[in-house]
Each structure stands twice: as C-alpha cells, then as structure tokens.
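Undergrad: can you look at this prediction? I've put the sequence above it.
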Amino acid sequence: MKILLGVTGGIAAYKALELTRLFVKAGHQVQVVMTSGAKEFIQPLSFQALSGHPVRDSLFDANQEAGMGHIELARWADQIVIAPASAETLAKLRMGRADDLLTTLCLATDRPIMLAPAMNRLMWRNAATQENVAVLKQRGLDILPPASGEQACGEVGEGRMPEPQAIFEAVMHAEKARLQTQQAGSELKAFWQNKALLITAGPTYEDIDPVRFIGNRSSGKMGFAIAEVAAKAGAQVILITGPVALPTPEGVKRIDVRSARQMFAAVQQHYAAADCFISAAAVADFRVEQPASQKLKKQQDVEEMTLTLVKNPDIVAWVAAQDNKPFVVGFAAETNDVVDYAKDKLRRKKLDMICANQVGEGQGFERDDNALTLLTETSEKVLPTMSKHELAGALLRFVSQSMQG
Ligand SMILES: Cc1cc2nc3c(=O)[nH]c(=O)nc-3n(C[C@H](O)[C@H](O)[C@H](O)COP(=O)(O)O)c2cc1C
C-alpha cells in the first residue's frame, strides 16, 4: 500500500518515526509530509532515512514540485495518515483550508484519511476541538481516539497519541475492510445491479418531553454497512435511519428520521418501489402516549412517575402484509434463545427472511463486528463473527440466492 504520512507540530512527532518504520517493515511505501510546526520537533532527515524518500514540507518549492507535484502526490497515496494530528491541523481540515502542503493535499484527494490527534488534555476537551472532530467524522474521516495517561506537559488525561503499533493496526484494519467491501461489491454486482433496496437502520427515539426520550443502543453500523456494500454492487439504495453518528455511504440516498412513526411514514412512501426491504433498525415497540410539550419539572416529594406507553406500528410486519410487498428481511436482536425466537418471528410476521442477532454481553450493538444466523422457511446459514462489512456481503449474497429461489 502507498501511505502518505502527515506529521504535524506536536510533542508526539517523534513517535511518527516508529510508525514509518512499522509501515516500511510490513512492505508498504511511505512518503512523509511535514508541517513547518513538525520540523520544530524533529528533523526531516530521520524520516527520509526510514522511508527512503525525500520528505515533502513545502507547497511553494519549485524543486520539490518538479519531482512530484502536490496533486500527483495526493493521487499517489492509497491512504493518508496524519499522526500526530495537532489541534491546529484539525481546525484547518475542518475549515477546508489549504495554506500548507499537508492541508492542500487533504483537500485535493479522494483517498481515505485517518487522523491520530495528540495534544494536551484541555486542548483535546476544548469545545472547538471536539466540534472540529465531530464535523470531520461526519465527513467520513477516520479519527482514532487519543489514549489517556501522563502527558508530556506533566498533566494526566486524554490526549496522548495512540502507540504507533495501534495506529499501524488501525490502518491495516481499515484497508482490509475496504478491500472486503470492494470484493463483496463486485461479486454481488451480477444480482444487485440496478435492484431497488430499501433499508432501515439505527435506533428510534420516542420523546418524553422536549429534552428527554426513550432510545436504544443500536449504532446503525449494520444497516449502514449493508447500504454501503449494496450501493457498491450497483443497487439503488434508500437508507432510512434513526439518529446515528455515521457518514452517508457513497451513492446511497439517506432519509433521516427520529421516531418509529416517522420511520413508518418514510417506509410507506418508498416500499412499493423496492425489490427488497431490509429492516435493520431497532424500532421502539412502544412510544410515550402523550409527550409533554414543555420540559417535565422535578417535583419535590414525588418519588415515582408513570409514563403511559402505547404500541408503535410494526413496520416490518406491515410491509410483509402488503399485496405488492418486496422481499422482506427482518432482524431479531435478542439476548437469549436467539434462533428460536427468530424462527417464531419469521413465521408470525410472514417475513421472507430473518437475521438472528445475539446482543448483550459485548455483542451486537455499537461494535464493528458481529455474528448472524440467517433463516428462511427452508434454509439456515450461520455466519460466524466477522466485520459488519463482511457480514453485509454474506447477507446480501444469501438474500440474492433466496430471492432467486
Ligand atoms: C513545546 C510545544 C509542544 C506542543 N505540543 C503540541 C501537541 O502535542 N499537540 C498540538 O496540537 N499542538 C502542540 N503544540 C502547538 C502546535 O505546535 C501549534 O499549534 C502549531 O501551530 C501546529 O501547527 P501544525 O499543525 O501546522 O504543525 C505545541 C507547541 C509547543 C511549543
């Protein structure tokens, strides 16, 4: 892999030497771009010696541009990694600034960017930094959470750069996930090209009052992974999602909703045009009968409070009951007796297929991997623990086989 390693002006810049060494040792090509801040901490020559390439540090150097221009350099990379990423560089990236070589490259690339922020704990916790990180994540940049511990400034807290080995592994993991997505995508093209796929994902929020709600721990990752892989395979994907912190996969039409009833309305609008409906959302079974229009006040001497809940529409069962229904796939997330319960749900709701999903005890929600058992009336396939992208590929393959009878 060709890795462009950006190094910015932070005390952890020296750790980027070890990271360079790890990449090179594993057979990857590395070109290093340093900010002028980074050069205050460490000599370019060290990176040059380790990477075997001259270090790039200037946007306006005719000699450097004559070797490989900055746009060429951006195209050269398969992956951009910035480690350490300073607070300043995070802010610049968030704003889309391009006043040095590194930030210009990041604007001029469509390659994946991974950031390893490193800074004093208060700089990290600062609302400005947190907002910058949230925006960059939303745009699809991969941001490694900084580690906790003793800092160079003598303080203790969150903000240390993760160890080079951890960054190395994160880059390798991201590359593997991308390859799996691509591979699964091309295999699936034969069936999914131009098929219309409707997916729901994430949790629903049922309001109690304007500031409180009943939600659940679904992260949306499974539904988003299915949407991403299906879109790569050429499907026309509509993704209806509850509140999640995930970027929209390329080529996917996303509809954001909050409550189960909003999700139902969006599904009702789109199910008829779909060849297949995959219900991966964790939809609340009940909602608060009468959400308060103003924040409920804490009342002295009141020890108990009762909320009356009423049933929400059963979205997947409703779609399965329509005359012009698409192929309907449900999910059963359970903590116990998963497969038995899923079989019962398959029959009761008249689904074409169900994906049984063990949750709890560290499995299922909020994770990047998962295990599923896929069931139809006549077949069963166990998918052992793997990344949600791999699972998405295997699931779409099973759906395509089931749809073709
Ligand atoms: C001794 C010293 C240590 C610093 N360490 C950090 C750090 O760990 N993280 C950070 O974000 N900024 C740190 N800074 C501040 C940055 O170097 C400064 O914001 C600089 O403008 C970063 O620019 P750059 O991102 O273009 O390299 C440090 C500054 C000094 C003087």
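TA: Happy to help now that I have it.
Undergrad: ok and the residue in this structure nearest the ligand?
TA: Residue of the chain nearest the ligand, by Cβ to the nearest ligand atom: residue 37 (2.5 Å). For the C-beta atoms, the positions are set from N, CA and C on the backbone; glycine is no exception.
Undergrad: could you pull up phi and psi at that residue?
TA: Dihedral angles of residue 37 (phi, psi; degrees, to the nearest 10) stand at phi -60, psi -40.
Undergrad: contacting residues around the residue nearest to it when sequence neighbours are not counted?
TA: Nearest residue to residue 37, sequence neighbours excluded (Cβ to Cβ, 6 or more residues apart in numbering): residue 9, at 2.1 Å. Applying Cβ atoms under 8 Å, 6 or more residues apart in numbering, we find residue 9 in contact with 35-41, 86, 88.
Undergrad: what do you get for residue 350?
TA: 317, 320-321 are the contacts of residue 350 under Cβ under 8 Å, 6+ apart.
Undergrad: am I right that it is in a helix?
TA: No: Residue 350: not assigned to a helix; according to DSSP: H, G, I helix; E, B strand; the rest coil it is coil.
Undergrad: oh, and call the first residue 39 from now on, that's how I've got it
TA: With 39 as the first residue, the last one maps to residue 388.
Undergrad: how near is it to residue 352?
TA: Per Cβ to Cβ, to the nearest Å, residue 388 is found 11 Å from residue 352.
Undergrad: and if you look at residue 107?
TA: Residue 107 is 58 Å from residue 352, where distance means Cβ to Cβ.
Undergrad: who has more neighbours out of these two?
TA: Taking other Cβ atoms under 10 Å, residue 107 and residue 352 do not tie; residue 352 has more neighbours (17 against 11).
Undergrad: for the more buried one, give me phi and psi.
TA: When read as degrees, to the nearest 10, the backbone of residue 352 gives phi -90, psi 100.
Undergrad: tell me how far stretch 151-161 lies from the chain's centre.
TA: On the basis of Cα atoms, centre = their mean, to the nearest Å, stretch 151-161 sits 19 Å off its chain's mean C-alpha point.
Undergrad: for that stretch, buried residues please.
TA: If you call a residue buried by 16 or more other Cβ atoms under 10 Å, then stretch 151-161 has these buried ones: 151-159, 161.
Undergrad: then stretch 60-70?
TA: Applying a neighbour-count criterion of 16+ other Cβ under 10 Å, one finds 60-61, 66-70 buried in stretch 60-70.
Undergrad: gap between the most centrally placed residue in the chain and residue 299?
TA: In the chain, the C-alpha nearest the mean C-alpha coordinate belongs to residue 284, at 5.0 Å (Cα atoms, centre = their mean). When Cβ to Cβ is the yardstick, residue 284 and residue 299 sit 22 Å from each other.
Undergrad: show the subsequent helix or strand relative to the longest helix anywhere in the chain.
TA: Looking across the chain with DSSP state H, the single longest helix is helix 202-230. Moving toward the C-terminus from helix 202-230, the first helix or strand encountered (DSSP states H and E) is strand 234-239.
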